[in-house]
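Engineer: 3D, please:
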Amino acid sequence: MTSSIITQKMIAKSLKDLMETETFHKISVSDIMINCQMRRQTFYYHFQDKYELLGWIYKEETKENITDFIEYEKWENIFNQLFGYFYENQRFYRNAFKVVEQNSFNEYLYEHTKNLYLKIIDELSLGFGISVSEEKKSLLASFYSHGFGGTIKDWIQNACMINPSVMSSLMKTMIHDQLILSLRQSANHKVEKR
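Structural biologist: As a prediction, this is how the structure comes out:
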């Protein structure tokens with residue numbers, strides 16, 4: 001890991017720590033840098049402003065918890081990891097959801113989970129011998145990605161009342177069952193058109 005990435009991660013951790021008890025709008029760049037014991041100028045070497053930092057956190061941590069695992073980890077395990085991650089970082093995200101000006105969390109989560117859903121759709125359609133068009137795959141992945149983002153947001157805003165392992169299990173079962181049903185209906189619908 002380069003020193004630049006290490007510094008960015010230290011600055012990000014500082015903001016995340018502060019946002020566990022304070023709203024984003026009340027935190028200044030000076031607060032962030034004092035908390036991580038770095039000079040204020042160092043912040044501007046890596047980020048334009050605190051909004052860019054917040055976006056960087058979303059992008060990097062979503063990537064670290066989804067994209068980095070897509071090629072070699074089972075999708076069910078990625079869901080376990082995601083719910084564990086959001087549970088551990090719920091206080092940060094509860095405050096982060098209040099920031100609506102720019103760098104929307106939903107955009108970053110959507111982008112990464114759509115790729116995860118495409119993988120799930122490919123696996124399920126192959127496993128059940130169902131042929132699905134790229135358009136249908138994209139539409140299904142988009143639909144489920146938006147739903148997942150909303151579910152995560154609601155769960156966090158309700159203080160993660162349901163245990164993360166239970167949430168993960170519920171989501172995996174729902175995704176599996178509903179996607180198979182959608183894929184089968186899609187395949188049957190194709191046959192009816194002919």
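Engineer: mind listing what's buried along stretch 117-127?
Structural biologist: For stretch 117-127, burial by neighbour count (16 or more other Cβ atoms under 10 Å) applies to 117-121, 124-125. All C-beta atoms are positioned from the backbone trio N, CA, C, and that covers glycine.
Engineer: now go through the residues you listed and say which are in strands.
Structural biologist: Per DSSP state E, strands hold no members of the buried residues of stretch 117-127.
Engineer: so which of those residues comes closest to Ile27?
Structural biologist: For the buried residues of stretch 117-127, the residue nearest Ile27 by Cβ to Cβ is Tyr117; the value is 33.7 Å.
Engineer: that closest one and Phe83, how far apart?
Structural biologist: Distance of Tyr117 to Phe83, computed by Cβ to Cβ, to the nearest Å: 16 Å.
Engineer: sticking with the residue minimising distance to the centre of the chain, tell me its helix or strand.
Structural biologist: Per Cα atoms, centre = their mean, the C-alpha nearest to the average position across the chain is that of Leu109, at 3.4 Å. Here Leu109 sits within helix 105-127, counting by DSSP states H and E.
Engineer: which helices and strands sit right next to that helix?
Structural biologist: helix 50-62, helix 68-70, helix 75-88, helix 134-157, helix 164-193 (3 or more Cβ pairs under 8 Å, 6 or more residues apart in numbering; DSSP states H and E).
Engineer: ranking those helices by mean pLDDT, which is last?
Structural biologist: Note on the helices and strands packed on helix 105-127: helix 164-193 shows the lowest mean pLDDT, a mean of 82.
Engineer: in it, what's buried?
Structural biologist: 164, 167-168, 171-172, 175, 179, 182-183, 186-187.
Engineer: count of residues packed around Glu64?
Structural biologist: Using other Cβ atoms under 10 Å, Glu64 has 13 neighbouring residues.
Engineer: if I look at it, how far off is Ile78?
Structural biologist: Going from Glu64 to Ile78 by Cβ to Cβ gives 11 Å.
Engineer: again with Phe148
Structural biologist: Separation of Phe148 from Ile78 (Cβ to Cβ): 11 Å.
Engineer: what's the pLDDT at Gln102?
Structural biologist: At Gln102, pLDDT is 64.
Engineer: the domain parsing of the protein - what is it?
Structural biologist: Here the domain parsing of the chain from automatic domain parsing is 1-47, 56-193.
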